[in-house]
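Undergrad: After the sequence you'll find the predicted model.
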Amino acid sequence: MLIDAKELYEKLDDYMEKEVTIQGWIRNHRKQKEFGFIDFNDGTCFQNIQIVYDNKLNCFEEVQKLHVGCAIEVIGKVVASPAKGQEFEISMEKIQLLGDCPEDYPIQPKRHSREFLREQAYLRPRTNLFNAVFRLRSVAAMAIHEYFQSHNYVYVHTPLITTADCEGSDQMFKITTLDLNHLPMVDGKVDMSRDLFGKQAYITGTGQLHGEAFAMAYKKIYTFGPTFRTENSNTKTHANEFWMIEPEIAFCDLNGLMDIEEEMLKFVVSYVLKHCKTEIQFFDSFVEKGLKEKLEKLVSSKFVRISHHDVVDILKKADVSFEFTPDYSEDIAKEHERYITEYFDGPVFITDWPKDIKAWYMKTNEDGKTVAAVDLEVPGAGELMGGSQREEDYDKLISRAREMGVDESTVDWFCNLRRYGGCYHSGFGMGFERLLIYLTGVENIRDVIPFPRTPGNCEY
């Protein structure tokens, strides 16, 4: 009977003292003169299965030659284990080598640094840490879809190729089919009319603008997919390719948006706590002590809501020597984010940001100085989400675009949404990898993306 390790763990009582067939890989092989132990994993769950064998097997000598990393099929009986810490093991009856592995296989049963494993990104899912990280990534993605689908949102696949200037064309990758060694020129500039699309095109930095178009038809939509930025940053939280969750909601103001952000985040964290118990326990033990408690505390917290102005008031009164002086007209630094979440002992929504440091499409408040924008700061991770009420007034939006130097010809269709039955609406974006950093305690974005794309690094 061919079964997965996950099914065996979940229905152990049904399989005790029965013969089963399993297929997977050798994680470790401890050989002794008359018997041996194989740590087996088939990828369907985090836990290994111990396989035991002795010299009564006809193929004993052949089994002893098997290396770590080999793919095998084992037939054996599920029996109670005398070893501490495990309920069962499999007593081998037959084995078949399905894929050999040499002795110089890079992923040996020892501690490897994360830096070394980034150089072996195509093999690192076979280690405990990354097996747990990427399984949790899968579960968290499912939780996001589950939340939005169960709340009647429509999932929209926004384009990865775009001509719309949302985040600033200087931050977007340019794409072309032109021969870079023989560029067609007109008046000293590249003649983009000769390109495939007849104009300059980019790889998207956000699905927001196209998402808003669909929100004006479906009321509630979300996008969830890869986005790209050219930012030449080598911090632990920046990458040039990453995934974003971006809901857009019609007939929703800033307060309603914060309600949704809080509810969604609590749902996702609760879902992961329920469906990744083994992985969370592993992270709690070996990556970030107290992680499980931190996540459980977030689920039970009431998120604070406070304006940017009032946050700066608190920072200026703080008995702390900040490296960066808090300013009413400026963004807040990482050290400020950390202080504020510690000050309130929980997640904090910071609202009503200075207009001049925020995007052109955000709704200007009545004071004319701030916009109806919100950032969510969480303990230990800083900013996790950023959103705003969008400007629904056509004339104000056009005026703001001109102030910010946005190329109107690339967003005229977006602005026209205000003319054709527009309404007040809001949306936010959450970097998926930043969420994963928070959920796992793994602090570097390079370690929560399967194949990271960062400045100077585009391997595989």
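TA: Ah, there it is.
Undergrad: Ignoring the adjacent residues along the chain, who's closest to residue 450?
TA: Sequence neighbours aside, residue 134 is the residue nearest to residue 450 in space, at 6.5 Å (criterion: CB to CB, 6 or more residues apart in numbering). Yep, even glycine has a C-beta here, placed from its N, CA and C like the rest.
Undergrad: what does the host helix or strand of that neighbour rub up against?
TA: Per DSSP states H and E: residue 134 is located in helix 128-150. Under the contact criterion CB atoms under 8 Å, 6 or more residues apart in numbering, helix 128-150 has outside partners 41, 43, 46, 114, 117, 124-125, 155, 220, 222, 224, 245, 247, 264, 267-268, 271-272, 275-276, 278-280, 282-283, 286-287, 432, 435-436, 439-440, 442, 447-448, 450.
Undergrad: Please apply the same query to stretch 25-34.
TA: 36-43, 48, 54-55, 64, 66-72, 101, 109, 126.
Undergrad: So what's the residue count around residue 123?
TA: Residue 123: 15 surrounding residues under other CB atoms under 10 Å.
Undergrad: give me phi/psi at it?
TA: Main-chain torsions, residue 123, degrees, to the nearest 10: phi -110, psi -20.
Undergrad: show me what contacts it?
TA: Counting by CB under 8 Å, 6+ apart, residue 123 has contacts 106-107, 117.
Undergrad: Can I have the buried ones of these as a ChimeraX selection?
TA: The ChimeraX selection below is limited to those of these classed as buried (16 or more other CB atoms under 10 Å):
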select :107,117
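Undergrad: can you tell me which of the contacts of residue 123 lies nearest to residue 238?
TA: residue 117 (19.8 Å; CB to CB).
Undergrad: thinking that closest one is in contact with residue 124, fair?
TA: Yes. Between residue 117 and residue 124 there is a contact under CB atoms under 8 Å: 4.2 Å.
Undergrad: picking up where we left off before, name the nearest of the contacts of residue 123 relative to residue 322.
TA: Closest to residue 322, out of all of those and judged by CB to CB, is residue 117, at 35.4 Å.
Undergrad: what helix or strand is the closest one on?
TA: Going by DSSP H and E, residue 117 is in helix 114-118.
Undergrad: sec struct for the residue in the chain sticking out farthest from the centre, please.
TA: Most distant from the centre of the chain: residue 56, at 49.0 Å, with distances by CA atoms, centre = their mean. Secondary structure for residue 56, judged by DSSP: H, G, I helix; E, B strand; the rest coil, is coil.
Undergrad: which SS class is residue 222?
TA: Applying three-state DSSP: residue 222 is strand.
Undergrad: That one touches residue 245, doesn't it?
TA: Yes. Counting by CB under 8 Å, residue 222 touches residue 245, with 6.5 Å between them.
Undergrad: Any idea how far the helix or strand hosting residue 285 is from the middle of the chain?
TA: Assigned by DSSP H and E, residue 285 falls within helix 277-286. Averaging C-alpha positions (CA atoms, centre = their mean, to the nearest Å) puts helix 277-286 18 Å from its chain's average.
Undergrad: Residue 95 versus residue 75, what's the distance?
TA: Per CB to CB, to the nearest Å, residue 75 is found 8 Å from residue 95.
Undergrad: More neighbours: the two, which one.
TA: residue 95 (20 against 16).
Undergrad: Can you report how many residues neighbour residue 355?
TA: Number of residues near residue 355 (other CB under 10 Å) recorded here: 20.
Undergrad: Please apply the same query to the one 3 residues further on.
TA: By other CB under 10 Å, 19 other residues sit near residue 358.
Undergrad: And for residue 15?
TA: For residue 15, the count of nearby residues is 18 (other CB under 10 Å).
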